[in-house]
Structure formats: C-alpha cells, structure tokens
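> 3D, please:
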Amino acid sequence: MLAMSWIYLLLLVLGSWIIGSWSFAWGVLAGGIISILSFWGSQKDVTAFIDSITPSGDDTAAKDNIKQRKKGFILKFWLRILLIGIILLMLIKYGDINVFGLILGLTTVVFTITLSALSVVWKFYFSRR
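From the prediction side, this is the model:
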C-alpha cells in the first residue's frame, strides 16, 4: 500500500506540474507526503497496539496493561491529528501553496486504498472461478 501510494503521488505530482503550475504541484506533493507519512505512522501504531493486547498471564494485570496501551494509542492519534493541523495551517498561512493542490495531495492514500479495493473486487468477480 505504501509503495503504491508513493507511486501514485509521483504520477500525480508530475501530472499536476505538466498540466497545472509549480505551485499546484508543490501543494500536491506536500499534501501527499503528509498523507502518506500519517498513514505510515497510523499503521505502525495500530500494529504495535494489536500486538500488545494479546493477553498473557494474570487477567487483572493484562486488562490494566490493555487500558494503558489503549490510552496511549488514542493520545498518539490525537497528537498526530494536531500535528497535521499545525503543519497544514503553517503551509496555508505562510507558504506559497495552492490549497486545491494540497487537498488533492491529501487524498493520495484514500485514492490508493480505493484503487486497491476495486482491484480486489474486480479480481474476485471477474476471475474464472
């Protein structure tokens, strides 16, 4: 998924630079990098959280550990959202960036997930099974 996101972002930036302007392409690049890095961080956090909640030993201690990890996971999530908001605010307020390009770049991961899902559905329904 991450590799496909980077490839899609590269194609999107090149296309927007050729069709649009450098300001638009810069917005697409900045939004795509923010989107992909956020997805990567979320993937790491979710994987670590799921790995940490496998119960082992005493039920009471395990439940307390799971509650603590859950709080940490939620705190990391909100800190990531806050950080993204601050970065976007700084880019829009102080950077010479096209907001529409930024929005297009922020959809990089969503578009990659949609294409992957459509690919799986296509293979499932149109394969010769």
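
> Against Ile50, how distant is Trp40?
Using C-beta to C-beta, to the nearest Å, we find Trp40 at a distance of 16 Å from Ile50. For the C-beta atoms, the positions are set from N, CA and C on the backbone; glycine is no exception.

> Of these two, give the one with the bigger neighbour count.
Just comparing Trp40 and Ile50: by other C-beta atoms under 10 Å the higher neighbour count belongs to Trp40, 14 against 11.

> Quick one: residues contacting the more buried one.
Residues near Trp40 by C-beta atoms under 8 Å, 6 or more residues apart in numbering: Leu2.

> any idea how far the helix or strand hosting it is from the chain center?
Using DSSP states H and E, Trp40 falls within helix 22-52. With C-alpha atoms, centre = their mean, to the nearest Å as the basis, helix 22-52 stands 4 Å off its chain's centre.

> tell me the angle of the helix or strand that it is followed by relative to helix 22-52?
Where DSSP H and E defines the elements, the next helix or strand beyond helix 22-52 is helix 59-94. For helix 59-94 against helix 22-52, the angle by axes from the mean of the first three to the mean of the last three C-alpha atoms, to 10 degrees is 170 degrees.
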